[in-house]
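# how does the following fold in three dimensions:
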Amino acid sequence: MNKNHKVIAFSSPKGGTGTTTVAVLAALAADGRVAIVDRSQNRQVLAVIGEAESDKPVVSTMSPNVDVINDPELAAEAIVNGGGYDLVVIDRGVEHEPLEVIGDVENVIVTTQIGRAHV
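All right, here's what the predicted structure looks like:
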């Protein structure tokens, strides 16, 4: 458990704005252990890293400090408790509702709306 972890979520009100690309690049650019959680409708994070057919619960990326979490329970653990990660990046894809996190979360959660004039 890492209660000092941070969570950042990327979403957009419409498709085709690059949320997956931005989420993956943010994860790869970050320091420390990083998890990417793919909550988008089209599940493109695994395709971006070349693992489109993977059914493994955690998929390593080309960077030794970045994992893609492909399991809902492990993803929830990472979001709420850190799961051993310093940063959790969520690709929410097309979303119109604010991010809802259940549990006692002491970290900072930022939802960035890509393709909008304001956040």
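
# going forward, measure contacts and count neighbours with C-alpha atoms only.
Will do.

# now the strands for this structure?
In the chain, the strands defined using DSSP state E lie at 6-12, 34-38, 58-60, 66-69, 87-94, 109-113.

# now the helices for the chain?
Using DSSP state H, the helices of the chain run over 19-29, 45-48, 72-81.

# which residues touch the residue nearest to the spatial centre of the chain?
A centroid search over the chain (Cα atoms, centre = their mean) returns residue 90, at 2.0 Å, as the residue closest to the centre. With contact set as Cα atoms under 8 Å, 6 or more residues apart in numbering, residue 90 has these partners: 7-10, 23, 36-39.

# picking that back up, would you turn the helices of the chain into TSV with mean neighbour count?
TSV is the format used below for the helices of the chain (neighbours: other Cα atoms under 10 Å):
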stretch	mean neighbour count
helix 19-29	19
helix 45-48	18
helix 72-81	19
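
# quick one: closest of those to residue 65.
Among those, helix 19-29 comes nearest to residue 65, with 8.2 Å by Cα to Cα.

# can you name every helix or strand that the closest one contacts?
Judged by 3 or more Cα pairs under 8 Å, 6 or more residues apart in numbering; DSSP states H and E, helix 19-29 is in contact with strand 6-12, strand 34-38, helix 45-48, strand 87-94.

# most tightly surrounded among those?
Comparing the helices and strands packed on helix 19-29 by mean neighbour count (mean count of other Cα atoms under 10 Å), strand 34-38 ranks first with a mean of 29.

# any idea which of the helices and strands packed on helix 19-29 gets closest to residue 63?
Relative to residue 63, the nearest member of the helices and strands packed on helix 19-29 by Cα to Cα is strand 34-38, separated by 9.7 Å.

# fine by me, thanks again.
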